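Enquirer: Model the following, please.
(one chain, ligands or ions: 2)
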Amino acid sequence: QYSDPHCAGGRSAITHLFEWKWSDIAQECERFLGPYGYCGVQISPPNENRVVTNPNRPWWERYQPVSYKLVTRSGNEGQLKDMIQRCNKAGVRIYADAVINHMTGAGGTGYGTGGSSYDANSLNFPGVPYGGNDFNGGNECHSSDGSIHNYNNAEEVRNCRLVGLTDLKLASDYVRGKIAGYFNHLIDLGIAGFRVDAAKHMWPGDIAAVLSKTKNLRSDVFGGGKRAFVFQEVIDMGGSEPVKGGQYVGDGRVTNFIFGAKLAEIFRKKNAMKYLKNWGEGWGMMRSDDVVNFIDNHDNQRGHGGAGAVITHWEPRPYKLATAFMLAHPYGFPRIMSSYEYNRADNTEGPPHNGDMSIKDVSFKSDMSCGNGWSCEHRWRQIYNMVAFRNKAGGDGLSNWWSGSDYQIAFSRGNKAFIAMNLDGFDINANLNTGLPGGTYCDVISGNLENGRCTGKTIQVGGDGKAHINVGHSWEDPMIAIHIGARQ
Ligand SMILES: O=C(NCCCOc1c(-c2ccc(O)c(O)c2)oc2cc(O)cc(O)c2c1=O)[C@@H]1CCCN1C(=O)/C=C/c1ccc(O)c(O)c1
Ligand SMILES: [Ca+2]
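Expert: Numbers count the residues shown, from 1 in each chain. Ligands and ions are numbered 1, 2, ... in the order given. Purely as a prediction, here's the structure:
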């Protein structure tokens, strides 16, 4: 009941605007995400977090809560409310990154981004309030030092401290009430759902209990009887660990870490592209309605998490190919990572900032790309045009699968869209069935449809749906993509 992202008309992909300020997101919804057909935005945790000064303001300080007050470096409650309202008005949904497994660690006393004090040693968080009874301790956690060490022990993974972070007792009705109160506050502001951080470290039943205390979404925005969209972060690489993504599908969708890892192998040419013919559940991954898929995320793009070897925006050619494949293929619900140019030698570095450590505004260049250290993958033409491709493909299934060699494939989405990709050492030159009605189509990888004209390559489709498809093996983007929304 929590698996519907509530996309406005025909939209079908979201983007994670990691570390963006609320004022910048509001503008981005109005000037780009709305007009270019994005369904929604995953925002960084909006609740008050610990101010970490050593290292200086690392990105992961926002995953160390101090309270559920809506004050962070991204902005305050008024700015958050304004942004959600403006994004909803632009047809763009907002999903909050919810850090509810823990509060900050046993790092002693300090202050949060909203000025709240806390004392983790005495488990005292007056900003909520939480006290000693609200955390898992010796009764629940039986590891040597109270922290998680053995990922093969499901109880330890849930009831002990993740890297020393104080572990909330979600078995407690009071704690469930506080978290649900936080969720309902965001729901009142117009939020469409939640990314549940570190879900692996909570019992599915406890997450379900929290969700059962949440209100329906605002009917003036979403219509009546709508439940929040919930997607849970469970880092499961399909190994032998007892905690698995499939255990969480009753509480909404689950982040699918196998997706990005397997596509990294393919687009690094370690496994033949032609095997993608049965991509999806055929590869042993969870049901299409139960997953949120991605090429990389804020953590594993820095070489973190089990995967490590995922493809990131630092390798643009395979990244655009893998992202195009994710968006063209009907399996699952896709999320596009939007990063900042972090220092690759320092995987703790926080977002671009000014002298006073405030987060820098996002700036834009004439080609719509970003400046000020923001990568804006969601604004790359080969990516935003494939979001439109996915929207046009709608519910049409995969058809006309073709593979010309180990690393040459093509397929249609019903009679709405067609893509061909080439990672082999020689060109594709073939007459292929596109499934599309006859006409002159714009290749949306090499250009756009502007004022009725294709600015990139054009593809001629005959009345029989066939076209001569040429994809150069040494092109910067060795693929062509056409759909019924971009015809001359
Ligand atoms: O070396 C670190 N952590 C140990 C290795 C990564 O372990 C963490 C995992 C983690 C990693 C792999 C797993 O299989 C797993 O079940 C959990 O999830 C977290 C989730 C949080 O909300 C806050 C955290 O501090 C962590 C975390 O430290 C650095 C310093 C502390 C934060 N941090 C980090 O590296 C922070 C990482 C981080 C933060 C937020 C996330 O949503 C996330 O996925 C990772
Ligand atoms: Ca826990």
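Enquirer: what's the neighbour count on the residue in the stretch 251-400 of the chain positioned nearest to ligand 2?
Expert: When Cβ to the ion is the measure, the stretch 251-400 of the chain has its nearest residue to ligand 2 at D251, with 14.9 Å between them. The C-beta positions use only the backbone N, C-alpha and C, and glycine is treated the same way. As a burial measure, D251 scores 25 neighbours (other Cβ atoms under 10 Å).
Enquirer: is it true that V254 touches F294?
Expert: No. Under the criterion of Cβ atoms under 8 Å, V254 lies out of contact with F294, with a separation of 12.0 Å.
Enquirer: re the thing from before, these two touch, right, the residue of the stretch 251-400 of the chain closest to ligand 2 and Q232?
Expert: Yes. Using Cβ under 8 Å, D251 and Q232 qualify as a contacting pair, with a distance of 6.4 Å.
Enquirer: any shared contact partners between these two?
Expert: Taking Cβ atoms under 8 Å, 6 or more residues apart in numbering as the contact rule, the neighbours common to D251 and Q232 are 196, 207.
Enquirer: coming back round to it: pLDDT at the residue of the stretch 251-400 of the chain closest to ligand 2, what is it?
Expert: Note for D251: predicted pLDDT of 91.
Enquirer: same check, this time on H304
Expert: With respect to pLDDT, H304 scores 57.
Enquirer: same thing with L189?
Expert: The predicted structure scores L189 at 99 on the pLDDT scale.
Enquirer: returning to what we had before: what separation is there between the residue of the stretch 251-400 of the chain closest to ligand 2 and ligand 1?
Expert: Plainly put, D251 is 17 Å away from ligand 1 if you go by Cβ to the nearest ligand atom, to the nearest Å.
Enquirer: Report the contact partners of that residue.
Expert: Neighbouring residues of D251 by Cβ under 8 Å, 6+ apart: 2, 196, 204, 207-208, 211, 230, 232.
Enquirer: so can I have TSV of these showing secondary structure and pLDDT?
Expert: What follows is the contacts of D251, written out as TSV (DSSP: H, G, I helix; E, B strand; the rest coil; pLDDT from 0 to 100):
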residue	secondary structure	pLDDT
Y2	coil	98
V196	strand	99
P204	helix	98
I207	helix	98
A208	helix	98
L211	helix	98
V230	strand	99
Q232	strand	98
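Enquirer: Tell me the one among these nearest to P351.
Expert: Using Cβ to Cβ, V196 is the member of these that sits closest to P351, with 22.5 Å.
Enquirer: Tell me, how many residues neighbour the nearest residue to Y331 once chain neighbours are set aside?
Expert: Closest residue to Y331 in three dimensions, ignoring its sequence neighbours and counting by Cβ to Cβ, 6 or more residues apart in numbering: G280, at 3.5 Å. Neighbour count for G280, taken as other Cβ under 10 Å: 19.
Enquirer: for R62, same thing?
Expert: Using other Cβ under 10 Å, the number of residues around R62 comes to 28.
Enquirer: Ok, the one 4 residues further on next?
Expert: Neighbourhood size, V66 [other Cβ under 10 Å]: 28.
Enquirer: now swap in F229 and tell me
Expert: 27.
Enquirer: For the nearest residue to it once chain neighbours are set aside, report the pLDDT, please.
Expert: Taking Cβ to Cβ, 6+ apart as the measure, F229 lies nearest to G193, with 3.0 Å between them; neighbours along the chain are not counted. In this prediction, G193 carries a pLDDT score of 98.
Enquirer: before we move on, what about the one 5 residues further on?
Expert: Model confidence at A198, given as pLDDT, is 98.
Enquirer: That one against L162, yeah?
Expert: Yes. Shown here, A198 and L162 form a contact pair, counting by Cβ under 8 Å, at 6.3 Å.
Enquirer: what sits in contact with each of those two?
Expert: Common neighbours of A198 and L162 (criterion: Cβ under 8 Å, 6+ apart): 101-102.
Enquirer: All the helices of the stretch 201-350 of the chain, residue numbers only.
Expert: Counting by DSSP state H, counting those that start in this stretch, residue ranges of the helices within the stretch 201-350 of the chain are 204-212, 219-222, 257-267, 316-328.
Enquirer: Just put those helices in TSV and tack on distance to G10.
Expert: As requested, these are arranged in TSV below (distance: least, Cβ to Cβ, whole Å):
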stretch	distance to G10
helix 204-212	27
helix 219-222	16
helix 257-267	23
helix 316-328	14
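Enquirer: which parts of the stretch 151-300 of the chain sit against ligand 2?
Expert: The stretch 151-300 of the chain has residues 167, 201 near ligand 2, with proximity defined as Cβ under 5 Å from the ion.
Enquirer: could you pull out the strands for the stretch 151-300 of the chain?
Expert: Taking DSSP state E, counting those that start in this stretch to define them, one finds strands in the stretch 151-300 of the chain at 165-167, 193-196, 229-232, 253-255, 291-293.
Enquirer: mean confidence for the first one?
Expert: Mean pLDDT, computed over strand 165-167, is 98.
Enquirer: which residues touch that strand?
Expert: Contacts for strand 165-167 (Cβ under 8 Å, 6+ apart): 64, 101-106, 120, 123, 135-136, 141, 159-161, 201.
Enquirer: about what we covered before: if I pick the residue nearest to Y331, what's in contact with it?
Expert: By Cβ under 8 Å, 6+ apart, the contact set of G280 is 288, 329-332.
Enquirer: Pick out the most distant pair among those residues.
Expert: Of all pairs drawn from the contacts of G280, the widest gap by Cβ to Cβ lies between S288 and H329 and measures 10.0 Å.
Enquirer: between those two, who's got more neighbours?
Expert: Comparing S288 with H329 by other Cβ under 10 Å, the one with more neighbours is H329, at 21 against 14.
Enquirer: I'd like the distance between the nearest residue to the more buried one once chain neighbours are set aside and G332.
Expert: Sequence neighbours aside, W279 is the residue nearest to H329 in space, at 6.0 Å (criterion: Cβ to Cβ, 6+ apart). Relative to G332, W279 is positioned 10 Å away (Cβ to Cβ, to the nearest Å).
Enquirer: buried sites along whichever helix in the chain runs longest?
Expert: Longest among the helix segments of the chain by residue count, using DSSP state H, is helix 173-188. Buried residues in helix 173-188, counting neighbours by 16 or more other Cβ atoms under 10 Å, are found at 175-176, 178-180, 182-183, 185-187.
Enquirer: And stretch 373-393, by the same measure?
Expert: By neighbour count on 16+ other Cβ under 10 Å, the buried set for stretch 373-393 is 374-393.
Enquirer: average pLDDT for that stretch?
Expert: Averaging pLDDT along stretch 373-393 gives 98.
Enquirer: Output the below-cut-off pLDDT ranges for the chain.
Expert: 106, 304-308 (pLDDT under 70).
Enquirer: wait, what's in contact with the most centrally placed residue in the chain?
Expert: For the chain, the residue sitting closest to the mean C-alpha position, by Cα atoms, centre = their mean, is R335 at 3.9 Å. R335 makes contact with 13-16, 42, 292-294, 297, according to Cβ under 8 Å, 6+ apart.
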